[in-house]
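Asks: quick one: sequence and predicted model below, then my questions.
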Amino acid sequence: MKRIMFIALAIGLTVLSTAFLSDKGLSDLRALYSKPMSEWPKPTIDSGANWSEFKSLPKLDSSYFSLMEKPDVKLGKFLFFDPILSGSNQISCSSCHNPQTSWADHSTVPVGHDHLVGTRNTPSLLNVYARKTMFWDGRAHSLEEQALSPIEAHNEMAMDLTKLVPKLKAIPAYKQLFMEAFGEEDFSMPEIMKALASFQRTLTSRRSRFDEFLDGKHNALTDDEIAGLHLFRTKARCMNCHNGQFMTDEDFHNIGLTYYKRKYEDLGRYIVTKDPKDVGKFRTPSLRDVMNTDPWMHNGLFDNMIGVLNMYNSGMQMNNPKTEAQLADPMHPRVDPLMKKLDLTKEEIQQLAAFLQSVTATKYRMNRPEKLPR
């Protein structure tokens, strides 16, 4: 009898708590999140998940403008926007990483040389300096290493690397730029990669309203955005993967969107590691400026954030192995155990979407060079 009474009391308290939050929850959450971050509710984190607390982006200082005038950065910017790096002289790095679209391309997958389409969505280059690995599968560990792949890929820029250096050396203006950047006119691929990387490290997000909120301006977010922040940290379990200053754990997860033995098969991280445990895993993207970088996911499957949140809400377990053959196949993708059914209401999904608007800053549309070295 005591057990039954205890359960009834617990249920009653839960109901009262829910009713309390329904009546005045938004104002209470605002008061709660107006306290120092150390006093915020602890996030819901699964055992074994690596996470760090949110941190605001620094304010842009005047040194940024002098940084953009550094010889290696200036050279890198020219190279980034110059289609001469492609075999056809028609495609530049900026063809897919467009400054007008938050350094991505707003396409499901990119279109490159001879109108060949890629297989993965173009990631934004915003804050790429902070990434520990590059590409959705993490196959590169530096910006210098990363730059080679799209330049020589047959379905991207399709450039024969043995011809690129002579091509650039034939242009006196480029020889002068390399002299100013590296101290000599004689250059090769490492200098090209260094210059491109130096420029890309300048591509940083502007501060969002969420940064202002983190720094104490607590009227920077609406009540619904604060409710979304609370859900992000707790019931929606987002901070298991999206945390820290750039809202990413820099890790790889299978969230249930990989194909196996079907059209559009992409085994993800496995292609790099050859470890069956990595089948279908892709790098966790940063959520900085997320509402400017649609469509989302490694395959660009979603162009509507409510659709993305509904997907997570479902738990995405439908592609897990079910038959005996699938269970016995070490290559059959296994959805990350972090993926769980969330039971979010429609209102809560709208609040999460509102919060993601608050972490999205206004776009900085860098001007393309008015004239390329020729």
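Replies: Thanks, I have the structure now.

Asks: use CA for all of it now, contacts and neighbours both
Replies: Noted.

Asks: Arg365 and Leu126 touch, don't they?
Replies: No: counting by C-alpha atoms under 8 Å, Arg365 sits too far from Leu126 to count as a contact (11.9 Å).

Asks: show me which of these two is the more surrounded one.
Replies: Neighbour count, other C-alpha atoms under 10 Å: between Arg365 and Leu126, Leu126 has more, with 24 against 12.

Asks: who's in contact with Asp266?
Replies: For Asp266, the residues meeting the contact criterion (C-alpha atoms under 8 Å, 6 or more residues apart in numbering) are Thr258, Tyr259, Tyr260, Gly280.

Asks: Ala173 too?
Replies: When contacts are taken as C-alpha under 8 Å, 6+ apart, Ala173 is in contact with Pro373, Arg374.

Asks: doesn't it belong to a strand?
Replies: No: assessed by DSSP: H, G, I helix; E, B strand; the rest coil, Ala173 does not belong to a strand; its assignment is helix.

Asks: separation between it and Phe78?
Replies: Between Ala173 and Phe78 the computed distance is 11 Å (C-alpha to C-alpha, to the nearest Å).

Asks: ok, the closest residue to Asp249 other than its chain neighbours - how many residues close by?
Replies: For Asp249, ignoring the flanking residues on the chain, the nearest one in space by C-alpha to C-alpha, 6 or more residues apart in numbering is Cys241 at 5.2 Å. By other C-alpha under 10 Å, 23 other residues sit near Cys241.

Asks: likewise the one 10 residues further on?
Replies: The local packing of Asp251 (other C-alpha under 10 Å) involves 17 other residues.

Asks: now it: how far from Gln176?
Replies: Going from Asp251 to Gln176 by C-alpha to C-alpha gives 41 Å.

Asks: before we move on, what about Phe80?
Replies: As judged by C-alpha to C-alpha, Phe80 and Gln176 stand 17 Å apart.

Asks: swap in Tyr129?
Replies: If you go by C-alpha to C-alpha, the gap between Tyr129 and Gln176 works out to 27 Å.

Asks: again, but for Gly280
Replies: Distance, Gly280 to Gln176, using C-alpha to C-alpha: 46 Å.

Asks: now His154: phi and psi?
Replies: In terms of degrees, to the nearest 10, the main-chain angles of His154 are phi -70, psi -30.

Asks: quick check: end-to-end length of stretch 130-146?
Replies: The straight-line separation of the ends of stretch 130-146 (C-alpha to C-alpha) is 14 Å.

Asks: what sits up against that stretch?
Replies: The contact list for stretch 130-146, computed with C-alpha under 8 Å, 6+ apart, reads 120, 123, 129, 190, 193-194, 196-197, 200, 250, 252, 268-272, 281-283, 298.

Asks: do that again at 7 Å, thanks
Replies: The list of residues contacting stretch 130-146 from outside it, by C-alpha atoms under 7 Å, 6 or more residues apart in numbering, reads Met193, Lys194, Ala197, Glu250, Gly268, Arg269, Val272, Phe282, Arg283, His298.

Asks: cool, stretch 197-205 as well?
Replies: Under C-alpha under 7 Å, 6+ apart, the answer for stretch 197-205 is Asp72, Val73, Gly76, Lys77, Leu125, Leu126, Asn127, Val128, Tyr129, Leu143, Glu144.

Asks: residue ranges with poor pLDDT in the chain?
Replies: Across the chain, the ranges flagged by pLDDT under 70 are 1-24.

Asks: so which of the contacts of Asp266 are in strands?
Replies: Nothing among the contacts of Asp266 maps onto strands, per DSSP state E.

Asks: so can I have CSV of those residues showing neighbour count and distance to Thr162?
Replies: Converted to CSV, the contacts of Asp266 look like this (neighbours: other C-alpha atoms under 10 Å; distance: C-alpha to C-alpha, whole Å):
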residue, neighbour count, distance to Thr162
Thr258, 22, 36
Tyr259, 17, 36
Tyr260, 16, 36
Gly280, 29, 34
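
Asks: quick check on Phe282: phi, psi?
Replies: Main-chain torsions, Phe282, degrees, to the nearest 10: phi -130, psi 160.
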